[in-house]
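J.: A predicted structure for the sequence below; I have some questions about it.
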Amino acid sequence: MKTDQLIRTLAADQAPRGPSPGQRLAVGLLIATAVSLLLLLATLGPRPGLLEAMREPRFLLKFPVTLGLAAAAAGAALRLSRPAVAAGPWALGLLAGPALLAAGVAVELLVMPRAAWMPRLVGHNPLLCLASIPLLAAPVLLALFAVLRSGAPTRPALAGALAGLLAGGVGAALYALHCVDDSPLFVATWYTAAVAALTVVGAALGARLLRW
Amino acid sequence: MRQREQEWAALMRAANSGDGAAYERLLRELSPALRAVARRATLGAGAAVDAEDIVQETLIAIHLKRHTWRPTEPIGPWVRAIARHKFIDALRRRGRRIQVPIEDFEHVLPAEEAAPEFPRRDLERHLPQLAPRQREVIQSIALDGNSIRATATRFGMSEGAVRVALHRAVAALAAIINKAAP
């Protein structure tokens, strides 16, 4: 096929452009988060005493930490879905959630007696946390990859990593609705481990699946 | 140079508003620049690497990903980023690492397509892997030079169905190329 023939063919393919990448991301996130929420309610369920917990600062802290991370990752991933666009200000935004968590850990170490640190770090059920966050994140990760594949990421591994981070943030926020271990020490250990694992998996998958 | 890129941006904006002629003109204007850079990038890579194949793969990518350009941004970096991505990918698939850094288009003289000296292993070899309807439609439009309307008449399809089949054929072709062995 001569290039001239190809050009005429491509010009004839006047398919409508469809929704913008931002719209796709929003819709995908909405649907996937709803699915994950249903998954949470059907399996683990909300923690007993959820309403009372909302008065506990440690419980509340989990949400700006996880959702803040997810929001920054979403902004960065959206930018990276376009060719040669850097994450820009979102890269700095990724630090906000962890910074908040670090502050929470500092306060916890200050107010809690040393004897309480390790028990609060280990918590009641770290393995459930490690298993549940990825499971809750999975629908979101799937939706994100579908959205990113419709884009043109020139750094597929990084885009995949951000998708993993975003999915992890959402999964962690959902798990926080069930989790009874509120200590920032617990969150900084087990939530971080789960989200970090998802980020690595996202990067590996991105390198393979986000090529175009 | 800036002016050339501004013309490209104007053509793409027109294309996004549905101006098919502007879009075809844009692709024709991009090709010589892509070709010149592709030839430099494939210098010394041997006969197995055909610069024109890479130009065609890049045009398909530009076509399929044109929704990722935002009209508020300059189009030059966007085209270069896609070209660079496809050039590296195409060379990697052919077992070659890129030898020459992709230069700015402004430093390279545009090049016209040359008549092939020997049979080219080009896009056509992928067509048999398409679904029958997609293959028929793309052969009719690309190789036989028929219009969408003529193709619709020829196969007893509506024009809308032809457009859908054509779009799917182009997307499927890109997917086949990405997976293809050299």
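T.: Yep, that arrived. Values in this document were obtained by computation on a predicted structure and should not be read as measured data.
J.: Spatially central residue in the chain, please.
T.: Assuming you mean chain A. Here the mean C-alpha position of chain A is nearest to the C-alpha of A:Leu166 (C-alpha atoms, centre = their mean), at a distance of 2.1 Å.
J.: Hmm, no, I was thinking of chain B.
T.: Central residue of chain B (C-alpha atoms, centre = their mean): B:Leu59, 1.8 Å from the mean position.
J.: coming back round to it: against which helices or strands is the helix or strand hosting the residue nearest to the centre of chain A packed?
T.: Here A:Leu166, judged by DSSP states H and E, is contained in helix A:156-175. Packing partners of helix A:156-175 (3 or more C-beta pairs under 8 Å, 6 or more residues apart in numbering or on different chains; DSSP states H and E): helix A:21-42, helix A:57-80, helix A:126-149, helix A:192-209. From N, CA and C alone the C-beta is placed, and that goes for glycine too.
J.: Could you give the separation of it from the chain centroid?
T.: Distance, stretch centre to chain centre, for helix A:156-175: 3 Å (C-alpha atoms, centre = their mean, to the nearest Å).
J.: likewise stretch A:108-125?
T.: 26 Å.
J.: Quick check: which ranges of chain B have low pLDDT?
T.: Along chain B, the model assigns pLDDT under 70 to residues B:1, B:44-49, B:96-110, B:112-121, B:181-182.
J.: What parts of chain A come near chain B?
T.: Within chain A, the positions adjacent to chain B are A:1-15, A:17-18, A:20-21, A:81-84, A:151-152, A:154, A:211-212 by C-beta under 8 Å from any C-beta of the partner chain.
J.: From the residues you listed, list the buried ones, please.
T.: Buried by 16 or more other C-beta atoms under 10 Å in any protein chain shown: A:1-3, A:5-14, A:21, A:81-84, A:151-152, A:154, A:212, out of the residues of chain A next to chain B.
J.: how about the helices of chain B, start to end?
T.: Counting by DSSP state H, chain B has helices at residues B:2-16, B:20-41, B:51-64, B:75-93, B:132-138, B:148-155, B:159-179.
J.: looking at these, which is buried most?
T.: helix B:51-64 (a mean of 23; mean count of other C-beta atoms under 10 Å in any protein chain shown).
J.: which residues are contacting it?
T.: With C-beta atoms under 8 Å, 6 or more residues apart in numbering or on different chains as the test, helix B:51-64 has contacts from A:1, A:3, A:6-7, A:10, A:13, A:152, A:212, B:27, B:30-31, B:34-35, B:38-39, B:41-42, B:79, B:82-83, B:85-87, B:90-91, B:113, B:116, B:120-123, B:170-171, B:173-174, B:177.
J.: the inter-axis angle of that helix versus helix B:159-179?
T.: 130 degrees (axes from the mean of the first three to the mean of the last three C-alpha atoms, to 10 degrees).
J.: Now do helix B:51-64 against helix B:2-16, angle only.
T.: On the basis of the same axes, to 10 degrees, helix B:51-64 is oriented at 60 degrees to helix B:2-16.
J.: can you give me the angle helix B:51-64 makes with helix B:75-93?
T.: Per the same axes, to 10 degrees, the angle that helix B:51-64 makes with helix B:75-93 is 130 degrees.
J.: Could you list the alpha-carbon positions for helix B:51-64 in CSV?
T.: Output in CSV follows, covering the C-alpha atoms of helix B:51-64 (Å, rounded to 0.1, in the frame of the first residue of the first chain):
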residue,chain,number,x,y,z
ALA,B,51,11.6,3.9,6.6
GLU,B,52,8.4,4.2,4.6
ASP,B,53,6.8,1.4,6.7
ILE,B,54,7.6,3.4,9.8
VAL,B,55,6.1,6.6,8.2
GLN,B,56,2.9,4.7,7.5
GLU,B,57,2.7,3.3,11.1
THR,B,58,3.3,6.8,12.5
LEU,B,59,0.5,8.2,10.3
ILE,B,60,-1.9,5.6,11.6
ALA,B,61,-0.9,6.4,15.2
ILE,B,62,-1.4,10.1,14.6
HIS,B,63,-4.8,9.3,13.1
LEU,B,64,-5.9,7.0,15.9
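J.: Check the offset of that helix from the chain's centre.
T.: Counting by C-alpha atoms, centre = their mean, helix B:51-64 comes out at 3 Å from the chain centroid.
J.: Could you check how far stretch A:17-31 is from the centre of its chain?
T.: In terms of C-alpha atoms, centre = their mean, the centre of stretch A:17-31 is set 16 Å apart from its chain centre.
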